[in-house]
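J.: sequence first, then the predicted structure, then my questions.
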Amino acid sequence: MIDGERRSELNQRKLESLLRTTFPDSTFEQVKTQSGALRSNNKAQYLYAPSEKVSPLAFALTFLEKGAVINIILDEPDPLLLHQALGLHSDIRFWVVEKDQLIPHPESKTAEKPEKPVANETAVSLLLENGCDVIREHDAVRGEIKGLEVARIIKDFDNESNVQIGVGYYDQEAHKLVDWGESPDEKLARVVSEVHQYRNKEAQPHPLNRVARPQWLISEMIASPEIVGLDEAWHLSSPENAKAITETTPAAALGKIRDQVILVVASVGLDLKAVPIASGLSVTTEPDEIWMVLPEKDKHPALLRQAEHLKTPTHFKTAKEPWPS
């Protein structure tokens, strides 16, 4: 495995070679950064920062100066990053590596708005009767309790709707094996009760109150929009779908104050994905304002720097943590 220092050195060499081949008549100065490779050419900056954890756009918004032309270099085309950049007033251009040089990122076709998944009403009723919020996004219909998935409606080989019960995919698979003799209603009621037991402010620290915290914040705001000063709020699909319940991703909602539309994006911890996600969602929802909602201790200067690039007026709102301290 390549260590961080060696990886940084390889990225620097690769960027230097790509720029020399693509722009043979230009001179670039190396700029020191904490991670990633960066070169500057007067007012233009060229960033190559491949990472599975932080997108290069998030890196650019965090560390690069406003006012400069930001050129982001990708190994593969990424239409999502192009979409997210549309919500920024900074001049950001994308390039893709092709063999030993750079080519402009191909234009992306406007994606059609996906239809919300449809599920059997009997299956949906089971979720509602057990107090679940029904969330339709990413080709799935889920039942959630305070932002935590406790059930999912799936289609079997006969296109019939079945309810898989459990906290996340792996728990749902386990429940199918060990609880096969229990009725869906009994099983769901038991799982919901356990989640309620631990997903509250007075509970003892437990895995069930450590996960999906941004989704928990959004569910609290939808249930009681007045806690952040909204008249009403409703769930908004996020472009990023967590692969596991232990993976933290920002959550979003749309709200209203009188005739103003507010895009709300909740995050927990120093999540550098939150502002790029807000940028992309602002393009599709066209809100009057963006509210970045997070616990007081998570209001990090890096997020404030990122938000300066957003076109839509943005405000940071702190939220009381509904989980145990």
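T.: Ah, there it is.
J.: surely residue 162 is in contact with residue 153?
T.: Yes. Contact status for residue 162 versus residue 153: in contact at 7.2 Å, counting by C-beta atoms under 8 Å. Just so you know, the C-beta spots here come from the backbone N, C-alpha and C atoms, and that holds for glycine as well.
J.: more neighbours, these two?
T.: Shown here are residue 162 and residue 153; by other C-beta atoms under 10 Å, residue 153 has more neighbours (22 against 16).
J.: need the helices for the chain, in chain order.
T.: Using DSSP state H, the helices assigned to the chain run over residues 4-22, 56-63, 79-85, 121-129, 168-178, 184-198, 213-223, 274-285, 301-307.
J.: so what sits against both of residue 162 and residue 153?
T.: Residues touching both residue 162 and residue 153 (C-beta atoms under 8 Å, 6 or more residues apart in numbering) are residue 123.
J.: on that earlier part again, by mean pLDDT, show me the worst of the helices of the chain.
T.: Comparing mean pLDDT across the helices of the chain, the weakest is helix 168-178, with a mean of 69.
J.: enumerate every residue touching the closest residue in space to residue 279 that isn't next to it in sequence.
T.: Spatial nearest neighbour of residue 279, excluding adjacent residues (C-beta to C-beta, 6 or more residues apart in numbering): residue 87 at 3.4 Å. Counting by C-beta under 8 Å, 6+ apart, residue 87 touches 278-283, 310-312.
J.: how near is the residue nearest to residue 308 when sequence neighbours are not counted to residue 105?
T.: Closest residue in space to residue 308, ignoring its immediate chain neighbours: residue 66 at 6.2 Å, by C-beta to C-beta, 6+ apart. As judged by C-beta to C-beta, to the nearest Å, residue 66 and residue 105 stand 22 Å apart.
J.: go on, residue 200?
T.: Residue 200 is 46 Å from residue 105, by C-beta to C-beta.
J.: what does residue 48 give?
T.: 14 Å.
J.: what's the answer for residue 92, then?
T.: Counting by C-beta to C-beta, the gap from residue 92 to residue 105 is 10 Å.
J.: ok so, going back, so residue 66 and residue 105 - more neighbours on which side?
T.: Per other C-beta under 10 Å, whichever of residue 66 and residue 105 has more neighbours is residue 105, with 20 against 11.
J.: in space, what's closest to that one - neighbours in sequence excluded?
T.: residue 94 (3.7 Å).
J.: so the one you found sits against residue 83, correct?
T.: No. Counting by C-beta under 8 Å, residue 94 does not reach residue 83; the two are 11.1 Å apart.
J.: quick check: domain ranges of this protein?
T.: Domains of the chain are assigned by automatic domain parsing as 4-104, 121-204, 211-318.
J.: can you give me the end-to-end span of the longest one?
T.: Think domain 211-318. End-to-end span of domain 211-318 (C-alpha to C-alpha, to the nearest Å): 19 Å.
J.: please list all residues in contact with the residue nearest to residue 260 when sequence neighbours are not counted.
T.: Spatial nearest neighbour of residue 260, excluding adjacent residues (C-beta to C-beta, 6+ apart): residue 288 at 4.4 Å. Residue 288 sits next to 260-262, 312-313 when contact means C-beta under 8 Å, 6+ apart.
J.: buried members of those into ChimeraX, please.
T.: Buried members of these, defined by 16 or more other C-beta atoms under 10 Å, are picked up in ChimeraX with:
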select :262,312
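J.: just to check, residue 165 is in contact with residue 187?
T.: Yes. Contact status for residue 165 versus residue 187: in contact at 4.8 Å, counting by C-beta under 8 Å.
J.: pick out whichever of these two has more residues nearby.
T.: Between residue 165 and residue 187, residue 165 has the larger neighbour count (other C-beta under 10 Å), namely 27 against 20.
J.: ok, what's across the strand from that one?
T.: residue 151 (DSSP bridges).
J.: now do it against residue 219, distance only.
T.: For residue 165, the distance to residue 219 - C-beta to C-beta - is 19 Å.
J.: again with residue 269
T.: Residue 269 is 18 Å from residue 219, where distance means C-beta to C-beta.
J.: so for these two, which sits in the more crowded spot?
T.: Taking neighbours as other C-beta under 10 Å, residue 269 and residue 219 compare with residue 219 leading, 24 against 14.
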